[in-house]
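Q: Build me a structure from this.
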Amino acid sequence: MTATHNEMANAIRFLSVDAVQAANSGHPGMPMGMADVATVLFTKYMKFDPHHTKWADRDRFVLSAGHGSMLIYSLLYLSGVEDINLEDLKNFRQMGSKTAGHPEYGHVDGIEATAGPLGQGITMSVGMAMAEKMQNARYGDDIADHYTYVIAGDGCLMEGISQEAISMAGHLKLNKLIVLWDDNEICIDGNTNLTLSDDQCARFEASQWDTQKIDGHNPAEIEAAIEKARKSDKPSLIACKTTIGYGAPTKAGTHDTHGAPLGEEEIKGMREGLGWHYGEFEIPQNILEAWRAAMARNSADREAWEGRLNGLDDATKAEFNRTYSGELPAGWMDALNAFKKEMAEEAPKLATRQASGKTLAVLTEAIPEMIGGSADLTGSVNTKTPSTASILNTDFSGRYIHYGVREHAMSAVMNGLALHGGFIPYAGTFAVFANYMMGGVRLSALMEQRAIYVLTHDSIGLGEDGPTHQPVETLPMLRSLPNFNTMRPCDVVETAECWAIALQNEKTPTGMILTRQGLSPQRTTHTDENLCAKGAYVLAEAEGGDRKVTLMATGSEVEIAMAARETLQGEGVPTAVVSMPCWELFDAQDDAYKASVLGEGTVKVGVEASMRFGWDQYLGPDGGFVGMSSFGASAPAGELFKHFGITAENVVAEAKARL
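A: As a prediction, this is how the structure comes out:
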């Protein structure tokens, strides 16, 4: 006996309510309300092979309303994904379970992105849809021809990042991006009329989207709407009018179903009302087989695609497979080392933002999958190179994204590009705006994505723009983030080395913290060895006896430490300077190496135009610090360093006071 649409949708509903009830925690209302939409989408449209979940030309599905995670767990189980079973659903939200409270990338095959912070999912989907367009421009319809589907809720559309996402997607005409909005008029506090009066369809239309309004419980309307959206030349919003907690006898349509178990009596009444005469977590065989059969149709599509891929010439096929795997091309490090040697010999005085631009010119020529961009600051952050033509809504063959003044979206779009596969995103803005991007930056780290954030104008050294733009707290904030490398190089050679590290770390995002002002070269003797790879190293060892003082610095303050060392050495105090471009990498070294660098038993002074927060782990309780203890001010950079006491003279004084 074949299963009906209602039976297949009810399978989602009851798996969801049973799992939330078993966990005594979770959000049953959204999966209950969107079960009809999800059933039509997966069984009739999603190009997704449950047995080959990483197939490159699959459709992407992003559950932006990640609190409703039982929807995607149910879908993946019913579809036949081997990585998830009924026991996983029964262990929803439990310690060690792969079915976390919000969908976690990497926990279960078929989850395309970690979602939960509302608005991030819909914005990552813009990056995924861009990546499809870009691969299509490179390889054609035979290799790259897939859709990105999103289920978003009212909260996703309330978050400000969503406006940046829909504006960008509309401008770029990402017509293979289809957002299914769970229009249930409910948020945690109650009805959405407590909070907003937006006409969401008009809002999307103003950003050049197609929109439709449908009954989200009518499978024929759902199917017709998706069919129409797939033929549009614009991105599409389908407003699905639904009842949150659909099927619950007394709680349906109320916020009581949003974030709490329904309760045993309510679930009992729901079983009776929907005619579901089965026990907890019980899916009748005919319904399960109907789901599996519906999804099995995609294996033929995958096999046909594999045939087309194998039909490419060897070089094109190899390049597609290489870039999709994340492997870097042969020869890129040779090009970078040749550049390092040239810079060590020339010893130019450059701002590290300029040094980064020169490095990127070499890297983007050698690594074609690098995709640059900036938040309307291209000339300031130096992220565009001769190899990176602009991406336009008429031409996706380029390699440079003009994000506009959309830092919030930029980080999430970068995550979408990285998650899709085939590209390595990097993009720039001022370091102070890392605060704007932090939601996406945090997800880069949590999802282990190689996204590289170019963060320039990194201190009071930016000068006259003043304290609104001087990021005195940003370095400690970024350093506190797990699985994130915060790099602050001191010259062009260190900058090149930091870029190499960022590219080699496939599962760790990077923040490149770069200066506006020019810096004196420090590394003028070439070596192919990447000295920054250990996070910190002795740039200049003490002379004339055993080391008495260790000066530690990053970025623009390394030259201040070197000047202080010259004074102390001149006064007979053997002094070493340690450059510390990446604390995270240094912390990962063995104790012997760390002790050799930090100089046990020596006076220690840290120098950084940032807050002291975090430095004491290296300085100890008696160490000195020369840096910031307040916001900055508006004045020329040189005057600001003097005003705030970040000078070689003060470094010398801090050291002497402890001898």
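Q: What score does A434 have for pLDDT?
A: If you check A434, the pLDDT there is 98.
Q: Was I right to think it contacts P471?
A: Yes: in this structure A434 lies within contact range of P471 using Cβ atoms under 8 Å: 7.2 Å. The way it works is simple: take the backbone N, C-alpha and C, and place the C-beta from them, glycine included.
Q: center of the chain - which residue?
A: The residue lying closest to the centre of the chain (Cα atoms, centre = their mean) is S444, at 3.1 Å.
Q: For that one, what is the enclosing helix or strand?
A: helix 434-447 (DSSP states H and E).
Q: Show the subsequent helix or strand relative to that helix.
A: strand 452-456.
Q: ok now that next one, how far from the chain's centre?
A: Centre-to-centre, strand 452-456 and its host chain are 13 Å apart (Cα atoms, centre = their mean, to the nearest Å).
Q: And the longest strand along the chain, what does it pack against?
A: Counting by DSSP state E, the longest strand found in the chain is strand 603-611. Packing contacts for strand 603-611, counted by 3 or more Cβ pairs under 8 Å, 6 or more residues apart in numbering; DSSP states H and E, involve helix 474-479, strand 549-553, helix 558-570, helix 616-619, strand 624-628, helix 648-656.
Q: what's the angle between that strand and strand 624-628?
A: On the basis of axes from the mean of the first three to the mean of the last three Cα atoms, to 10 degrees, strand 603-611 is oriented at 10 degrees to strand 624-628.
Q: quick thing: my sequence starts at 46, can you match it?
A: Okay, residue one is now 46; in that scheme the one you just asked about reads as strand 648-656.
Q: Any idea what W226 is bridged to?
A: As for beta bridges, W226 partners with A197, A284 under DSSP bridges.
Q: That one contacts D243, doesn't it?
A: No: judged on Cβ under 8 Å, W226 makes no contact with D243 at a distance of 11.6 Å.
Q: what about the two, which has more around it?
A: Neighbour count, other Cβ atoms under 10 Å: between W226 and D243, W226 has more, with 29 against 12.
Q: Quick check: the gap between the more buried one and G261.
A: Distance, W226 to G261, by Cβ to Cβ, to the nearest Å: 9 Å.
Q: just P512 next, same as before
A: For P512 relative to G261 (Cβ to Cβ), the value is 49 Å.
Q: Compare the two (neighbour count), which wins?
A: Using other Cβ under 10 Å, the more surrounded residue of P512 and G261 is G261, with 27 against 14.
Q: In this structure, where is pLDDT below threshold?
A: Within the chain, not a single segment meets pLDDT under 70.
Q: how about 80 then?
A: 46 (pLDDT under 80).
Q: for L163, what are its contacts?
A: 109-111, 198, 200-201, 203-204 (Cβ atoms under 8 Å, 6 or more residues apart in numbering).
Q: on that earlier part again, what touches both of W226 and D243?
A: In contact with both W226 and D243: L202, using Cβ under 8 Å, 6+ apart.
Q: returning to what we had before: hey, what's in contact with both of W226 and G261?
A: C285.
Q: mind listing what the residue nearest to H514 when sequence neighbours are not counted touches?
A: Leaving aside its sequence neighbours, H514 sits nearest to V477 (Cβ to Cβ, 6 or more residues apart in numbering; 5.3 Å). Taking Cβ under 8 Å, 6+ apart as the criterion, V477 is in contact with 502, 513-516, 519.
Q: any idea how far V477 is from R657?
A: According to Cβ to Cβ, V477 stands 19 Å off from R657.
Q: which residues touch L202?
A: Here L202 is in contact with 164, 167, 226, 243, 245 (Cβ under 8 Å, 6+ apart).
Q: 7 Å instead?
A: Contacts for L202 (Cβ atoms under 7 Å, 6 or more residues apart in numbering) come out as 226, 245.
Q: Then I267?
A: With Cβ under 7 Å, 6+ apart, I267 has these contacts: 81-82, 85, 259, 261.
Q: filter the residues you listed to the buried ones?
A: Neighbour counting by 16 or more other Cβ atoms under 10 Å classes 81-82, 85, 259, 261 among the contacts of I267 as buried.
Q: List just the nearest of the residues you listed to A345.
A: Relative to A345, the closest of the buried ones among the contacts of I267 is V85; by Cβ to Cβ it sits at 20.5 Å.
Q: what helix or strand does that closest one sit in?
A: Per DSSP H and E: V85 is located in helix 74-85.
Q: Which strands and helices lie in contact with that helix?
A: With contacts taken as 3 or more Cβ pairs under 7 Å, 6 or more residues apart in numbering; DSSP states H and E, helix 74-85 sits against helix 50-68, helix 114-124, strand 222-228, helix 264-275.
Q: what does it rub up against?
A: With Cβ under 7 Å, 6+ apart, helix 74-85 has contacts from 50, 53-54, 57-58, 61-62, 110, 112-113, 115-116, 119-120, 196, 198, 225, 227, 229, 261-262, 264, 267-268, 271, 285, 287-293, 302-303.
Q: Could you do stretch 343-361 as well?
A: Taking Cβ under 7 Å, 6+ apart as the rule, stretch 343-361 contacts 92-94, 96-97, 100, 102, 187-188, 362, 365.
Q: from those, which would you call buried?
A: Using 16+ other Cβ under 10 Å, the buried ones in the contacts of stretch 343-361 are 92-94, 100, 102, 188, 365.
Q: which one among those gets closest to I156?
A: Among the buried ones among the contacts of stretch 343-361, F93 lies closest to I156 (Cβ to Cβ), at 11.9 Å.
Q: now the closest one: how far from D133?
A: F93 is 19 Å from D133, by Cβ to Cβ.
Q: Also I267?
A: 28 Å.
Q: In JSON lines: the contacts of I267, plus distance to E310.
A: Below are these laid out as JSON lines (distance: Cβ to Cβ, whole Å):
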{"residue": "D81", "distance to E310": "25"}
{"residue": "V82", "distance to E310": "28"}
{"residue": "V85", "distance to E310": "31"}
{"residue": "I259", "distance to E310": "33"}
{"residue": "G261", "distance to E310": "26"}
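Q: Show me which of these is closest to E694.
A: Among these, and counting by Cβ to Cβ, the member closest to E694 is V82, at 67.7 Å.
Q: And stretch 437-448, what's buried?
A: Neighbour counts over stretch 437-448 (16+ other Cβ under 10 Å) mark 441, 443-448 as buried.
Q: Out of those residues, flag the one nearest to K403.
A: K403 lies nearest to Y445 out of these, by Cβ to Cβ, at 16.6 Å.
Q: list the contacts for the nearest residue to the closest one once chain neighbours are set aside?
A: Nearest residue to Y445, sequence neighbours excluded (Cβ to Cβ, 6+ apart): T433, at 4.1 Å. T433 makes contacts with 409, 417, 443-445, as judged by Cβ under 7 Å, 6+ apart.
Q: Show me which pair in the residues you listed is furthest apart.
A: The farthest-apart pair in those, when distances are taken by Cβ to Cβ, is T409 and G443, at 11.6 Å.
Q: circling back: helix 603-615 and the longest strand of the chain, what's the angle between them?
A: Using the same axes, to 10 degrees, the inter-axis angle of strand 648-656 relative to helix 603-615 is 160 degrees.
Q: Give the pairing partners of strand 648-656; include direction for each.
A: strand 594-598 (parallel), strand 669-673 (parallel).
Q: Show me which residues of it are buried.
A: 648-656.
Q: how deep is L134 tucked in, by neighbour count?
A: Using other Cβ under 10 Å, L134 has 22 other residues around it.
Q: tell me the contacts of it?
A: By Cβ under 7 Å, 6+ apart, the residues touching L134 are 60, 64, 118, 122, 144, 326.
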